[in-house]
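Q: Pasted the sequence and its predicted model underneath.
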Amino acid sequence: MTSDENMTFKSYQDRANLFVKEYLLADSLIPYTSVISGMLACKMVFDLTQFLGSNYFKIHSNFSKVQRIEWNNRAVSTTHAIFITTISLYLVFCSSLFRDNPSSELITVRRSTLSTFALGVSVGYFISDLGSILWFFPSLGGYEYVIHHLLSLVAVAYSMLSGEGQLYTFMVLISETTTPGINLRWYLDVAGMKKSKAYLINGVVIFISWLVARILLFIYMFYHVYLHFDQVRIVPPLNLKIVCCAVCFIGKSTKMVQFYLQVGNLMSRKLGMT
């Protein structure tokens, strides 16, 4: 490159950086840009999975239209689960944002650019997934999925827009760590590997992850609320959001019982084979 070309390139680069900083990542616009980013990311993963499935997986050609949609949809939910679980674990246990510090603001109203952006991406995912469920209803899930997604969408969007209770929202979202295992179980099932050792191991891992992420973690969350109740009660609207999160948890915990029974059946079948 000549010096003139370098200067021109740097000029465009500076303008792009300014546009991102002043507009796309401006505090007032982050909720909107993050939601749009989440929806676009879902579309990209959906299309990429469709391309990979149709070109590199022979079993994909045997699927019905609904199965192909679910194949792609589960890849999207797995990607979202990995993203939001990673961010949630970092913010809750590693970041200094939510650490106890008497000199800082109330723990119930703390937020950052990263936390708000991550919640916005999650909102974008829930909107996209809810749209898919309604469009192909009831093939991708019944009314319980619609109710679950609506409650999750309201709770996460409220926390994103108001900045209240983001710590507890991320604690709830850590439970998404079970989603990849559940989706893998579906992939193993449609691949005809229901009697394989991988299917058995997957069931055990799902049960353990449910126990940790959706039972023990929620016990810790409510214990944390108890310890900081003097701060929680100062923000009245937060109570409603916590109830919404609790309802989501109750709805998911019923599935844990089903997986526990499945693991029990698999273990019994395995013992019967030995």
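A: Looks like it arrived, so ask away. Quick caveat, the model's predicted, so the values are computed rather than measured. Numbering: from 1, shown residues only.

Q: now the helices for the stretch 101-250 of the chain?
A: For the stretch 101-250 of the chain, applying DSSP state H, counting those that start in this stretch gives helices covering 113-135, 143-162, 166-173, 179-190, 197-211, 217-227, 229-232, 236-273.

Q: mind putting the ones you listed in JSON lines, mean neighbour count, distance to residue 51 and mean pLDDT included?
A: Where C-beta positions appear, they are placed from N, C-alpha and C, glycine not excepted. Listed next are those as JSON lines, based on neighbours: other C-beta atoms under 10 Å; distance: least, C-beta to C-beta, whole Å; pLDDT from 0 to 100:
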{"stretch": "helix 113-135", "mean neighbour count": "21", "distance to residue 51": "18", "mean pLDDT": "95"}
{"stretch": "helix 143-162", "mean neighbour count": "19", "distance to residue 51": "26", "mean pLDDT": "87"}
{"stretch": "helix 166-173", "mean neighbour count": "25", "distance to residue 51": "29", "mean pLDDT": "91"}
{"stretch": "helix 179-190", "mean neighbour count": "17", "distance to residue 51": "17", "mean pLDDT": "92"}
{"stretch": "helix 197-211", "mean neighbour count": "17", "distance to residue 51": "25", "mean pLDDT": "88"}
{"stretch": "helix 217-227", "mean neighbour count": "15", "distance to residue 51": "36", "mean pLDDT": "88"}
{"stretch": "helix 229-232", "mean neighbour count": "14", "distance to residue 51": "47", "mean pLDDT": "84"}
{"stretch": "helix 236-273", "mean neighbour count": "14", "distance to residue 51": "31", "mean pLDDT": "55"}
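
Q: in the host helix or strand of residue 41, what counts as buried?
A: Element membership for residue 41, per DSSP states H and E: helix 30-56. Under the neighbour-count criterion of 16 or more other C-beta atoms under 10 Å, helix 30-56 has 30-31, 33-35, 37-39, 41-42, 45-46, 49-50, 53 buried.

Q: got the angle for that helix vs helix 113-135?
A: Computed by axes from the mean of the first three to the mean of the last three C-alpha atoms, to 10 degrees, the angle separating helix 30-56 from helix 113-135 equals 60 degrees.

Q: by contact count, what packs against helix 30-56?
A: helix 65-89, helix 113-135, helix 143-162 (3 or more C-beta pairs under 8 Å, 6 or more residues apart in numbering; DSSP states H and E).

Q: Nearest to residue 194 among the buried residues of helix 30-56?
A: Proximity of the buried residues of helix 30-56 to residue 194 was ranked by C-beta to C-beta; the top entry is residue 53 with 20.0 Å.

Q: Hmm, residue 74 and that closest one touching each other?
A: No: the criterion here is C-beta atoms under 8 Å, and residue 53 misses it with residue 74 at 11.0 Å.

Q: quick one: contacts for residue 78?
A: Neighbouring residues of residue 78 by C-beta atoms under 8 Å, 6 or more residues apart in numbering: 179-180, 183.

Q: Mind putting the helices of the stretch 101-250 of the chain into a markdown table with distance to residue 90?
A: Below are these laid out as a markdown table (distance: least, C-beta to C-beta, whole Å):
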| stretch | distance to residue 90 |
| --- | --- |
| helix 113-135 | 9 |
| helix 143-162 | 17 |
| helix 166-173 | 9 |
| helix 179-190 | 18 |
| helix 197-211 | 18 |
| helix 217-227 | 15 |
| helix 229-232 | 22 |
| helix 236-273 | 20 |
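
Q: Relative to residue 89, which of those is closest?
A: The nearest among those, by C-beta to C-beta, is helix 166-173 at 8.5 Å.

Q: Minimum distance to residue 200: which of the helices and strands packed on helix 30-56 has it?
A: helix 65-89 (20.3 Å).

Q: What residues sit buried inside the closest one?
A: Applying 16+ other C-beta under 10 Å to helix 65-89 flags 68-81, 83-85, 87-88 as buried.

Q: cool, stretch 106-113 as well?
A: 107-111.

Q: Only alpha carbons, please: show it as CSV.
A: Taking Å, rounded to 0.1, in the frame of the first residue of the first chain, the C-alpha atoms of stretch 106-113 are listed here in CSV:
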residue,chain,number,x,y,z
LEU,A,106,-27.0,-1.5,45.5
ILE,A,107,-26.3,-5.0,44.2
THR,A,108,-29.8,-5.1,42.7
VAL,A,109,-29.2,-2.2,40.3
ARG,A,110,-25.6,-2.8,39.2
ARG,A,111,-25.1,-3.2,35.5
SER,A,112,-22.4,-2.8,32.8
THR,A,113,-22.2,-2.5,29.1
